[in-house]
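J.: A structural model of the following input is requested.
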Amino acid sequence: MINVTVWNEYKHERESELVAKIYPDGIHMAIKKMLGRNEEFNIRTATLDMPEHGLTDDVLDTTDVLIWWGHMAHNQVSEEVAEKVKQHVLDGMGLIVLHSGHLSKPFVKLMGTCCRSKWRENDETERIWVVEPAHPIASGLPEYIEIPQEETYGERFEIPTPDELVFISWFSGGEVFRSGCCYKRGLGKIFYFRSGHEGYPIYWREDITKILENAVYWAKPSHGPKPSLGHYDAIENVKDKFAGMDESLRKHTYIKD
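T.: Numbers count the residues shown, from 1 in each chain. Presented below is the predicted three-dimensional model:
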């Protein structure tokens, strides 16, 4: 089983009738319902107003992949929780950041840049092109996905150059945007996916769910060896190899076993 935690501010759904009609139980519950059809996923949810934003040490310690949706309340996320999320990613937890989550505290901390872009809400068409069809996150997708109405984002997107770029979006207003970006930070993997404005039923779509499902598999911990950092004693007994050698020669001599 892959333990997935879906985090959501859960603000828009309780303040906007339009959003509440689309996501009556919250964006997090829609994602949970769609991804929960996969029996290999053990999914729980967490929201901003829960103690420690629902991301206690126990929750983070037992999360393989954290999915993050945020928009209007980035500044309400505590520095302590944001730093804990960052550290868990560095230690191997996967992170999937959705839509306006590019301005969330954990993502900005992990990117080391301001992560801004241009944007507008104008009901424009988004066409998501797969530019790396061999990537695992693109598995089972068509060449492009068309969303009839979405919020528009546009370059310049002030992020570090992605380690791998899976999707580029084009919008009917003329903009393009790097919309599927993969990063490795420490032992963890991060996937940023652009689509998912709260005013459109994006997370009820099968193709979007397929992207998120693929991303969970890609981002899950590899459970490889944990590296040693800082001062480290030599594995070989170097001193014995050079025992008895003149000091002037030791610095310039290679002793073959």
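J.: roughly how far out does stretch 90-109 sit from the chain middle?
T.: Chain-centre distance of stretch 90-109: 5 Å, with Cα atoms, centre = their mean, to the nearest Å.
J.: which of the residues in it are buried?
T.: 92-109 (16 or more other Cβ atoms under 10 Å). C-beta: built from backbone N, CA, C; applies to glycine.
J.: ditto for stretch 70-83
T.: The neighbour-count check on stretch 70-83 (16+ other Cβ under 10 Å) flags 70-71, 74, 77, 81-82 as buried.
J.: ok, which stretches of this structure are strands?
T.: 2-8, 41-47, 65-69, 94-98, 118-130, 144-154, 164-171, 176-185, 188-193 (DSSP state E).
J.: Using JSON lines, lay out these together with mean pLDDT.
T.: Below are these laid out as JSON lines (pLDDT from 0 to 100):
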{"stretch": "strand 2-8", "mean pLDDT": "98"}
{"stretch": "strand 41-47", "mean pLDDT": "98"}
{"stretch": "strand 65-69", "mean pLDDT": "98"}
{"stretch": "strand 94-98", "mean pLDDT": "98"}
{"stretch": "strand 118-130", "mean pLDDT": "97"}
{"stretch": "strand 144-154", "mean pLDDT": "98"}
{"stretch": "strand 164-171", "mean pLDDT": "98"}
{"stretch": "strand 176-185", "mean pLDDT": "98"}
{"stretch": "strand 188-193", "mean pLDDT": "98"}
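J.: Can you lay out the ones you listed as TSV showing distance to Met34?
T.: Formatted as TSV, the strands of the chain follow (distance: least, Cβ to Cβ, whole Å):
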stretch	distance to Met34
strand 2-8	10
strand 41-47	10
strand 65-69	11
strand 94-98	13
strand 118-130	17
strand 144-154	15
strand 164-171	19
strand 176-185	18
strand 188-193	14
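J.: where does this protein dip in pLDDT?
T.: Applying pLDDT under 70 to the chain picks out residues 239-257.
J.: I'd like to know how far Glu164 sits from Cys181.
T.: Taking Cβ to Cβ, to the nearest Å as the measure, Glu164 falls 8 Å from Cys181.
J.: actually Gly174, not the one I typed
T.: Gly174 is 21 Å from Cys181, by Cβ to Cβ.
J.: More neighbours: these two, which one.
T.: Comparing Gly174 with Cys181 by other Cβ atoms under 10 Å, the one with more neighbours is Cys181, at 23 against 9.
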